[in-house]
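Q: need coordinates for the below:
(chains A and B)
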Amino acid sequence: MNCNLASSTAGKLRLATVWLAGCSGCHMSFLDLDEWLIDLADRVDMVFSPVASDIKDYPQDVDLCLVEGGVANSDNLELILQVRERTRTLVSFGDCAITANVPGLRNRLEGAEPVLRRGYLELADGNGVVPHAPGIVPELLPRVLPLHEVVPVDLYLPGCPPSAARIRAFLEPLLRGELPAMEGAAMIRFG
Amino acid sequence: MSVSTLMIDGHEVAMAAGATLLAAAREVGITIPTLCHLEGLSPVAACRLCLVEIEGSGKLEPACITPVLEGMVVRTDTSRLQDYRRTVIELLFTEGNHVCAVCVANGHCELQDRAVDVGMDHSRLPYRYPDRPVDLSHHLFGLDHNRCILCTRCVRVCDEVEGAHVWDVGWRGEHCRIISGLNQPWGEVDSCTNCGKCVQVCPTGALFHKGDTAEEKHDDSSQLVALVRARQARQVAP
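A: Predicted structure coming up:
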């Protein structure tokens, strides 16, 4: 496991958060860190995040990245491969990233086409149309996959969502260059 | 009454003949994780969580059904056992569809509890996402096969405590599932007394009260244990 955060470029830890196939609840929980976010902002460079940065392209040389959500479509897949390549320590952030969770409920339908048919035709009011806009609307993958079934993952932070207290207890040791103790219901209980 | 003396994790313990290793371990304060086991019901060693090592035997034995023997040396928490237990829990999570966030039993689930005990922060095994049905034909209760871990507590409580034998186990391997009556919808099984004991002892959200939504199932199997003890006490009394 690569958790040598101290090896980053001189100065602050370069932190990113990424939102794939999840409800954004993990990011909302991250925002629930409230005033501790101000402390955090002093100790890290927030280099990419849907809630804390306006950068559109995932940067190079990221020390730590929290990834919310599973891999559900072609955009998710492209981004997670880029994230893995450019990140020292990749964290599966929340149950969707770890188990596919609620987005993964569609996996029993076996394939993108039955999912789209179910969602846009069978359950439609009136004239349903299956969306098809290559290059604009990303194509669904046959299954929603947990991150670690797509790329190597360094650390796992379960919870739906992980509470702000759990996120803080996870990040504080990492900011000191230590691994968090992932044990006990307060840290690893799913749901 | 003959007594056997044995060693469990370095603790010496004397137990009456016929007692199980699980009971002996509990006697000296050692917790062996269990899921299918429930005091008051016959043990079946279905979940394999309570496997222990016995010196001189190459085979792992389930503590819930293995009787104590004089001179046994037992280990309950080696790194090999810890790894197997975590794998057992991962198998249970990946072979069904356990979506904790939207489950009636979220926060009150024995499968969740055991996952914490074995340190499971993710599954090293791939998820199967099987297509399993939900039976909502009973007017009070529901059965969601997606959340069933085949512990058979419902089968045993209905047979042994309620005496109705509504439940059984049908098919084998990945098709194995709990069935009601002669594989009929639960609501059509006349022998069901609507007592709800099966719901109460179910360790997950597989059996639930209709109307319960996420996190609302708060059943407690200790009530069943109290009932069985009270019946036993009455049978013993003159």
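Q: okay, CA-based contacts and neighbour counts for the rest of this
A: Noted.
Q: secondary structure class for residue B:160?
A: For residue B:160, the assignment made with DSSP: H, G, I helix; E, B strand; the rest coil gives helix.
Q: I'd say it and residue B:40 touch.
A: No. Using Cα atoms under 8 Å, residue B:160 is not in contact with residue B:40, being 9.0 Å away.
Q: the two: which is more packed in?
A: residue B:40 (18 against 14; other Cα atoms under 10 Å in any protein chain shown).
Q: gap between the biggest helix by length in chain B and the chain center?
A: Identified as the longest helix of chain B according to DSSP state H is helix B:79-95. Distance, stretch centre to chain centre, for helix B:79-95: 15 Å (Cα atoms, centre = their mean, to the nearest Å).
Q: stretch B:74-87 too?
A: With Cα atoms, centre = their mean, you get 18 Å for stretch B:74-87.
Q: same deal with stretch B:193-208?
A: Offset of stretch B:193-208 from its chain centre (Cα atoms, centre = their mean): 13 Å.
Q: and the strands in chain A?
A: A:13-19, A:44-48, A:62-68, A:71-73, A:87-93, A:140-145, A:155-157 (DSSP state E).
Q: and among those, the most buried is which?
A: strand A:62-68 (a mean of 26; mean count of other Cα atoms under 10 Å in any protein chain shown).
Q: stretch A:128-148 close to chain B?
A: No. With Cα under 8 Å from any Cα of the partner chain as the criterion, chain B is not reached by stretch A:128-148; the gap is at least 8.6 Å.
Q: and that stretch, what's buried?
A: When neighbours are counted by 16 or more other Cα atoms under 10 Å in any protein chain shown, the buried residues of stretch A:128-148 are found to be A:139-148.
Q: before we move on, what about stretch B:101-119?
A: Buried residues in stretch B:101-119 (16+ other Cα under 10 Å): B:101, B:103-119.
Q: doesn't residue B:205 make contact with residue B:110?
A: No. Contact between residue B:110 and residue B:205 fails when scored by Cα under 8 Å: they sit 9.5 Å apart.
Q: before we move on, the earlier item: so of the buried residues of stretch B:101-119, which ones are in helices?
A: Per DSSP H, those map to helices at B:110-117.
Q: just to revisit the earlier point, and chain A, is the longest helix of chain B touching that?
A: No. Contact between helix B:79-95 and chain A is absent, the nearest approach being 9.0 Å (criterion: Cα under 8 Å from any Cα).
Q: quick one: low-confidence parts of the chain?
A: Went with chain A since none was named. For chain A, residues meeting the criterion pLDDT under 70 lie at A:1-10.
Q: my question was about chain B
A: Scanning chain B for pLDDT under 70 picks out B:1, B:238.
Q: close to chain A: what parts of it are there?
A: Applying Cα under 8 Å from any Cα, we find that chain B lies next to chain A at B:97, B:99-102, B:106-107, B:112-113, B:115-117, B:119-123, B:126-127, B:129-131.
Q: could you grab the helix/strand/coil label for the residue positioned nearest the centre of chain B?
A: In chain B, the residue lying closest to the centroid (Cα atoms, centre = their mean) is residue B:36, at 1.5 Å. Put simply, residue B:36 is coil when judged by three-state DSSP.
Q: residue contacts, the residue of chain A found nearest chain B?
A: Distances between chain A and chain B by Cα to the nearest Cα are smallest at residue A:191, namely 4.4 Å. Contact analysis of residue A:191 by Cα atoms under 8 Å, 6 or more residues apart in numbering or on different chains lists A:95, A:158-161, B:99-102, B:106-107.
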